[in-house]
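Engineer: This is the structure alone, sequence omitted:
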DNA sequence: GATAGTACCGTCCGAATCAGATGGTACTAA
DNA sequence: TTAGTACCATCTGATTCGGACGGTACTATC
């Protein structure tokens, strides 16, 4: 039984790249970067250097194929192999993935709130409110462009989850900001 | 002007350690680990190896002091220096920290939902629902123990933010899970 | 048709992060 | 004594990270 290599545990970045390439049919790292920035990257940042190196790694594992462009910039174009599509499928079907991790700097600051003045925490809360209000505006923009498009159904769902999080966050920080108005 | 070293950008882990040590007065890495696991670690995981190495780094920067225990296990006990408390203060007061990052594996799976059967996504959603229901139960336990304690005011607020996120998440995935029940 | 400017695109590297294997130390119970 | 179990600490190799750096193609201007 050839080929059944014990895959060295794919990372989330791996599945991101795999999924994006599989979805687009073919993609260059730069295109991946653009895609990510405009969508999932809003909530979960992936450093662009990964989006250049990861495709190579996946190619080494036989999950992607490369094809160097002849003319122009000689970009590397990647496409998914059958093995790649299978690995992606297997993961997409897997309901037992890890729990969400919330890396909210404000959460940390709040945790140590007892070590500063209450007014400082209130200012932090107010800044959060402003930040997330702006985020929501951005998302509303994006939403306008993709809502309804049938092939954007799932990306739209993803955006809605992001919006859900942001709204929840906004509500929380608003309450905190109002509880004790900071004396300017 | 001596001493004003250009600090090499403290990480969130740095502030976590700094805050914990400052709050406790004195702490060993193991105690930090326990603290973290029981609180902020629920939402934002910090590898324990960091909680051993980071205090040393901070000591090197003059923000913490060590004191090796004489007897027993010869634990290293850390405490904050004046410079450490100042660095922490400065950060706690800073309202312009980064935005939250949501690393939710389900978010990624959902994003690529178009590449599998709808039933698979529904199963993913159902698993998420179960997962977050359990999380909420755990949080309710913790909440019982700290609600009302005046010195737990801020950690409690932190927990409430976590609960807020989890509830929002649960609502989202519930809706998705019900929209199209998976055929068992 | 030279020059300059500005996107566009890709690579590299040192530092930080990570999971988890490993190993030792104190208590507890038989 | 011995064995077992928490408790505690370190180390390591692999991966991730941010961002500096450098090159390439278009566009505008004269």
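Structural biologist: Yep, that arrived. Everything numeric in this text was worked out from a predicted model, so none of it was measured.
Engineer: For chain A, give me the ranges with low pLDDT.
Structural biologist: Along chain A, the parts satisfying pLDDT under 70 run over A:1-8, A:71-72, A:180-184.
Engineer: Helices of that one, start to end?
Structural biologist: For chain A, the helices defined by DSSP state H occupy A:12-24, A:29-38, A:48-60, A:82-93, A:105-111, A:118-146, A:153-179.
Engineer: Figure out how far the last one is from the centre of its chain.
Structural biologist: It stands for helix A:153-179. On the basis of Cα atoms, centre = their mean, to the nearest Å, helix A:153-179 sits 15 Å off its chain's mean C-alpha point.
Engineer: Now do it: which elements does it pack against?
Structural biologist: For helix A:153-179, the packing partners by 3 or more Cβ pairs under 8 Å, 6 or more residues apart in numbering or on different chains; DSSP states H and E come out as helix A:118-146, helix B:105-111, helix B:153-179. For glycine as for every other residue, the C-beta is placed from the backbone atoms N, C-alpha and C.
Engineer: Of the ones you listed, which stretch is the most buried?
Structural biologist: helix B:105-111 (a mean of 24; mean count of other Cβ atoms under 10 Å in any protein chain shown).
Engineer: For chain A, what lies in contact range of DNA strand D?
Structural biologist: A:8, A:11, A:13, A:45-50, A:54, A:72-74 (Cβ under 7 Å from any atom of the strand).
Engineer: before we move on, the earlier item: could I get the helices of chain A as TSV with distance to residue B:146?
Structural biologist: TSV is the format used below for the helices of chain A (distance: least, Cβ to Cβ, whole Å):
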stretch	distance to residue B:146
helix A:12-24	32
helix A:29-38	39
helix A:48-60	39
helix A:82-93	37
helix A:105-111	12
helix A:118-146	18
helix A:153-179	17
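Engineer: Buried subset of the residues of chain A next to DNA strand D as a PyMOL selection?
Structural biologist: For the buried members of those, the matching PyMOL selection, counting by 16 or more other Cβ atoms under 10 Å in any protein chain shown, is:
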select buried, chain A and resi 13+46+48+50+54
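Engineer: farthest-separated two in the residues of chain A next to DNA strand D?
Structural biologist: A:8 and A:72 (34.1 Å; Cβ to Cβ).
Engineer: Determine which of the helices and strands packed on helix A:153-179 approaches residue B:132 most closely.
Structural biologist: Set against residue B:132 and scored by Cβ to Cβ, the helices and strands packed on helix A:153-179 come closest in helix B:153-179, at 4.3 Å.
Engineer: now the angle between helix A:153-179 and that closest one, please.
Structural biologist: Interaxial angle, helix B:153-179 versus helix A:153-179 (axes from the mean of the first three to the mean of the last three Cα atoms, to 10 degrees): 150 degrees.
Engineer: Report the angle between helix B:153-179 and helix B:118-146.
Structural biologist: 160 degrees.
Engineer: Surely residue A:176 touches residue A:127?
Structural biologist: No. Under the criterion of Cβ atoms under 8 Å, residue A:176 makes no contact with residue A:127, lying 11.3 Å away.
Engineer: just to revisit the earlier point, let me have the helices and strands packed on helix A:153-179 in a markdown table, adding distance to residue A:79 as columns.
Structural biologist: A markdown table is the format used below for the helices and strands packed on helix A:153-179 (distance: least, Cβ to Cβ, whole Å):
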| stretch | distance to residue A:79 |
| --- | --- |
| helix A:118-146 | 25 |
| helix B:105-111 | 19 |
| helix B:153-179 | 30 |
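Engineer: Looking at the ones you listed, which is nearest to DNA strand C?
Structural biologist: For the helices and strands packed on helix A:153-179, proximity to DNA strand C was assessed by Cβ to the nearest atom of the strand; helix B:105-111 is nearest, at 12.5 Å.
Engineer: what helices or strands is the closest one leaning on?
Structural biologist: If contacts are counted by 3+ Cβ pairs under 8 Å, 6+ apart, helix B:105-111 sits against helix A:12-24, helix A:153-179, helix B:118-146.
Engineer: Would you format those helices as TSV with distance to residue B:105 included?
Structural biologist: Formatted as TSV, the helices and strands packed on helix B:105-111 follow (distance: least, Cβ to Cβ, whole Å):
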stretch	distance to residue B:105
helix A:12-24	7
helix A:153-179	12
helix B:118-146	9
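Engineer: mind checking which of those is nearest residue A:67?
Structural biologist: helix A:12-24 (12.0 Å).
Engineer: hmm, the closest one touching chain B?
Structural biologist: Yes. Contact of helix A:12-24 with chain B (Cβ under 8 Å from any Cβ of the partner chain) involves A:12, A:15-16, A:19, A:22-23.
Engineer: helices and strands around that helix, which ones?
Structural biologist: By 3+ Cβ pairs under 8 Å, 6+ apart, helix A:12-24 packs against helix A:29-38, helix A:48-60, strand A:64-68, strand A:76-80, helix A:82-93, helix B:105-111.
Engineer: Go again with 7 Å.
Structural biologist: Judged by 3 or more Cβ pairs under 7 Å, 6 or more residues apart in numbering or on different chains; DSSP states H and E, helix A:12-24 is in contact with helix A:29-38, helix A:48-60, strand A:76-80, helix A:82-93, helix B:105-111.
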